[in-house]
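# Okay, predicted coordinates and the sequence, questions at the end:
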Amino acid sequence: MRREALTGNQAVAMAVMYSDVKFVAAYPITPQTSIVEKISYFVEKGLMKAKFVNVESEHSALAMTYGAALGGVRSFTATSSHGLLYMHEWVHWASRSRVPLVMAVVTRTIGPPWNIWPDHSDYMDQRDAGWIMLFAMDAQEAFDMTVQAFRISEDERVFLPVMVGLEGFIVGGTTMSVALPDEESVKEWVGERRQPFVFDGSANITLGNLASPENTYILHRNIHEDLLRSIEVVKEIEKDYSETFGLPYIGPVETVGEKESSYAVISMGAWSGDLAEAIKQLGRNDVSLYRIRVYRPFPCKELRQALSRKNGIVVFDRSISFGSFGPLYMDVKACLDSEYTNVVNVIGGLGGVDHSLGEYVSVLRKIFGEMDREEKLEKQIWMEVSR
Amino acid sequence: MSFKGVLPGDSSCPGCLLPVALNLVVSSIGKKVVSVVPASCTSVIQGYYPKTAFDFPTINVPFASAAPVAAGVSYALEIRGIKDVVVFAWAGDGGTADIGMAALSGAAERNDNILYIMYDNEAYMNTGIQRSGATPYKAWTTTTPIIGKREAKKDVAKIMIAHGAKYVATASVGFHQDFIAKIMKASSISGFRFIQLHLPCPVGWRFDSEKTVEVAKLAVETGAWILYEYQDGKLRLTGPSAQLIEESRRKPLEEYLSLQGRFSHLTKEDIEQIKQLIREQWEWIKKMI
């Protein structure tokens, strides 16, 4: 396997080319733009045999990607922030149509105020839409997950769209060393396009006409149940990918530190690296980090196993459900049995705020100190920032 | 595989000619089809899952998306080397002139290979007769309930001509042969093609459901709706409209307006203003031919 210096965005573009994608429709938005610039270059240069269409909006980007997917070809798009919100209607329509396709979401804050820096608010806004949602923490994962996303999406046990999240700039725009399998073996591994139905004049079918409340209920419940079951498919496909290309298998939740530790920190995305470092600097060996790599379906079973017999859990969220808690915290809490009372939600990094290592250490020291002394805990703590 | 079109048992309103028009489209294209339908009366007319009255492939999509979804399917077929299928969008005036305009404009500008048919019943009929951009001047709707629409009808065909579309035509459900000829011609061309079909709505326009053909014909015969086609930079009047350049040869506008409850509140001045708008439209036609 050769290594290349790639940004997260370049890694996604390479993965799209290697996965034999035939159709891409996209609209530029910072910090996603360099993905579609790279893909359009691959196509115009003749390196990638695909059609690339510059559409007039993100709403049309996903609509056209969907049309091409229905027409029988492997299709991809990418967006960020307001672009993702503008296509939100289509995020739902695509999954509720059970159409396999893949979209990269290079995360960015939602305005106002205008702000191009990354948090998870745009990505989390899609959590109820019925997509499989992966989240990468570096360029290597961005590549690996994007390739796997096509196999997952087109698996007959799944047939749902897949979203690959990566943070803008800190992952999307940062150059890292990426191990790249050879293009032909990736194409072979991803295989032929598979989909549940095709619109090419060969079959006389109707998609999406009026249905009774009961039939709608059944169709939507099927999505939920297939999505829950798909966690095994996601694991199986990652295992197969790792074995085929000689890469380590990580799973839906990565554990950093001792499995048998007393305390857990849970996070998702690039700042997990800061948190792992902060835990080291805390100087205590009874704290481990659990990084969520598969956000939907939420890896409940895996987390419950990982968190069994923990005395305290701290969940870091890089977005907030205004007026409530961070979405990751709510998912974790919903999975845990009722005896887990020491679960604290830390909110930080909104608007792209880059907290220092010292700040992470200090907030963790405070929370774990309170847990050690069995003091009453605040359920939600915000990282402090100065103007 | 051949498609039968709209089967008996669709759920359109009494006197609605939409199924007839859609049948003409499917049967006149002469190839296999894939249709794309945004939110509109047609979403309802096709019937209830798991059944459908449409005997041809149909993709239902949300409002502002007919053009890009149709284009996406068309690109996929091109990539797969499939050439014997016409992909057409079948969208109402709201989904075209208003909420779908940016997406339509994008498809026209890119010359996406689709046939886009706007069935123009001049208001949001499926939600219950609300004003659209394509509602004509002074027409009553449930959101222009007393004064009527204060603005002129948005001219989508003209906007498509301004995009340099390969083929643009207007048509009427009252003149089948003219409509069929246009569908056939549009189907033989590749690239972006647009047809605006005038489709009177008995419920929304407030006329008796047995008079749909009569109202459709009168719209053309009075000169209120002009039949033409535009190709290669040239505009050509078609059907009865070809004989109606002289205003004196047209039937009196009142014959068309008086059949419709949506115009029952008009004053003499209103009617004069409508006549003036129609004259301006014909002046534009004269410049183009």
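Ah, there it is.
# Give me every residue in the stretch 51-200 of chain B lying close to chain A.
Where the stretch 51-200 of chain B comes near chain A, counting by CB under 8 Å from any CB of the partner chain, the residues are B:52, B:54-62, B:64-65, B:67-80, B:82, B:84-85, B:102-103, B:105-106, B:109-110. Glycine gets a C-beta too; all of them are placed from N, C-alpha and C.
# For PyMOL, write a command that selects the buried ones of the residues you listed.
Selecting in PyMOL just the buried members of those, where the criterion is 16 or more other CB atoms under 10 Å in any protein chain shown, is done with this command:
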select buried, chain B and resi 52+54+55+56+57+58+59+60+61+62+64+65+67+68+69+70+71+72+73+74+75+76+77+78+79+82+85+103+105+106+110
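# Now, the residues of the stretch 51-200 of chain B next to chain A that are in helices?
Assignment to helices by DSSP state H places the following of these there: B:67-79, B:102-103, B:105-106, B:109-110.
# for chain B, what's the longest helix?
The helix spanning the most residues in chain B, taking DSSP H as the definition, is helix B:268-288.
# what mean pLDDT does it have?
The predicted model gives helix B:268-288 an average pLDDT of 98.
# can you list contacts of it?
Under the criterion CB atoms under 8 Å, 6 or more residues apart in numbering or on different chains, residues B:136-138, B:148, B:152-153, B:155, B:158, B:223-224, B:226, B:228, B:230, B:235, B:237, B:245, B:247, B:253-254, B:257, B:266 lie in contact with helix B:268-288.
# now, which of the residues you listed lie within helices?
Secondary structure assignment (DSSP H) places B:158, B:253, B:254, B:257 from the contacts of helix B:268-288 within helices.
# show me what contacts the third one?
Spelled out, that is residue B:254. With CB under 8 Å, 6+ apart, residue B:254 has these contacts: residue B:271.
# Give me the neighbour count for residue B:181.
Residue B:181 has 17 neighbours, counted by other CB atoms under 10 Å in any protein chain shown.
# where's it relative to chain A, distance?
23 Å (CB to the nearest CB, to the nearest Å).
# I'd guess that residue is in a helix, am I close?
Yes: using DSSP: H, G, I helix; E, B strand; the rest coil, the assignment for residue B:181 is a helix.
# show me what contacts it?
residue B:238.
# For residue A:290, which non-adjacent residue is spatially closest?
residue A:266 (4.9 Å; CB to CB, 6 or more residues apart in numbering or on different chains).
# show me the contacts for the closest residue in space to residue A:170 that isn't next to it in sequence.
The spatial neighbour of residue A:170 that comes closest, neighbours along the chain excluded (CB to CB, 6+ apart), is residue A:270 at 5.0 Å. Listed by CB under 8 Å, 6+ apart, the contact partners of residue A:270 are A:137, A:138, A:167, A:170, A:171.
# The residue nearest to residue A:290 is in contact with residue A:312, isn't it?
No: in this structure residue A:266 lies outside contact range of residue A:312 using CB atoms under 8 Å: 11.4 Å.
# So what does residue B:36 have for phi and psi?
Reported as degrees, to the nearest 10, the phi and psi values for residue B:36 are phi -130, psi 130.
# Contacts only, for the closest residue to it other than its chain neighbours.
Taking CB to CB, 6+ apart as the measure, residue B:36 lies nearest to residue B:70, with 4.2 Å between them; neighbours along the chain are not counted. If you count contacts by CB under 8 Å, 6+ apart, residue B:70 has them with A:67, B:34, B:36, B:87, B:88, B:89, B:107, B:112, B:114, B:116.
# what's the burial count for the third one?
I take that to be residue B:36. Burial measure for residue B:36: 31 neighbouring residues, criterion other CB under 10 Å.
# who's in contact with it?
Going by CB under 8 Å, 6+ apart, residue B:36 touches A:67, B:58, B:59, B:61, B:66, B:69, B:70, B:73, B:87, B:88, B:89, B:90.
# okay if I get those as CSV plus pLDDT and distance to residue B:132?
As requested, those are exported to CSV (pLDDT from 0 to 100; distance: CB to CB, whole Å):
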residue, pLDDT, distance to residue B:132
A:67, 98, 25
B:58, 98, 23
B:59, 98, 23
B:61, 98, 18
B:66, 98, 15
B:69, 98, 21
B:70, 98, 21
B:73, 98, 26
B:87, 98, 25
B:88, 98, 21
B:89, 98, 17
B:90, 98, 16
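# Most widely separated two among those?
A:67 and B:90 (14.5 Å; CB to CB).
# quick one: the helices in the stretch 251-387 of chain A?
In the stretch 251-387 of chain A, the segments counted as helices under DSSP state H, counting those that start in this stretch are A:271-282, A:300-306, A:327-335, A:357-372.
# Count the neighbours of residue B:147 for me.
Counted by other CB under 10 Å, the residues lying close to residue B:147 total 10.
# Show the pLDDT at it.
On pLDDT, residue B:147 comes in at 95.
# now do residue A:386
Turning to residue A:386, the model gives it a pLDDT of 87.
# Checking residue B:11 next. Helix, strand or coil?
Following three-state DSSP, we place residue B:11 in the coil state.
# If I look at it, what pLDDT would I see?
So residue B:11 comes in at 94 (pLDDT).
# so residue A:15 makes contact with residue A:141?
No: between residue A:15 and residue A:141 there is no contact, the gap being 10.5 Å when judged by CB under 8 Å.
# Show me which of those two is the more surrounded one.
Set side by side, residue A:15 and residue A:141 show unequal neighbour counts under other CB under 10 Å, the larger going to residue A:15 at 28 against 23.
# Find the helix or strand that that one is a member of.
Mapping residue A:15 onto the secondary structure by DSSP states H and E places it in helix A:8-18.
# Chain neighbours aside, what residue packs nearest to the residue in the stretch 101-250 of chain B that chain A sits nearest to?
For the stretch 101-250 of chain B and chain A, the shortest gap (CB to the nearest CB) falls at residue B:106, measuring 3.3 Å. Spatial nearest neighbour of residue B:106, chain neighbours left out: residue A:56 (3.3 Å); criterion: CB to CB, 6+ apart.
# what residues are up against that neighbour?
Contact partners of residue A:56, counting by CB under 8 Å, 6+ apart, are A:27, B:102, B:103, B:105, B:106, B:109.
# Quick check, the last one in contact with residue B:163.
Yes: applying CB under 8 Å, one finds residue B:109 in contact with residue B:163, separated by 5.8 Å.
# one step back: want to try a markdown table for the contacts of residue A:270, with pLDDT and distance to residue A:219 as columns?
What follows is the contacts of residue A:270, written out as a markdown table (pLDDT from 0 to 100; distance: CB to CB, whole Å):
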| residue | pLDDT | distance to residue A:219 |
| --- | --- | --- |
| A:137 | 98 | 34 |
| A:138 | 98 | 37 |
| A:167 | 98 | 34 |
| A:170 | 97 | 39 |
| A:171 | 98 | 35 |
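# Just the residues you listed: which are in strands?
Using DSSP state E, the subset of the contacts of residue A:270 located in strands is residue A:167.
# which of the contacts of residue A:270 has the most neighbours?
Comparing the contacts of residue A:270 by number of neighbours (other CB under 10 Å), residue A:167 comes first, having 32 neighbours.
# any idea which helix or strand carries the residue nearest to that residue when sequence neighbours are not counted?
With sequence-adjacent residues excluded and distances taken as CB to CB, 6+ apart, residue A:167 is closest to residue A:118, at 3.9 Å. Mapping residue A:118 onto the secondary structure by DSSP H and E places it in no helix or strand at all.
# Dig out what the residue nearest to residue A:290 forms beta bridges with.
Judged by DSSP bridges, the bridge partners of residue A:266 are residue A:290, residue A:315.
# That one: neighbour count?
In terms of burial, residue A:266 registers 27 neighbours under the definition other CB under 10 Å.
# Would you check how far apart it and chain B are?
Residue A:266 sits 36 Å away from chain B when distances are taken as CB to the nearest CB.
# list the contacts for that residue?
In this structure, residue A:266 makes contact with A:289, A:290, A:291, A:292, A:303, A:313, A:314, A:315, A:316, A:328, A:332, judged by CB under 8 Å, 6+ apart.
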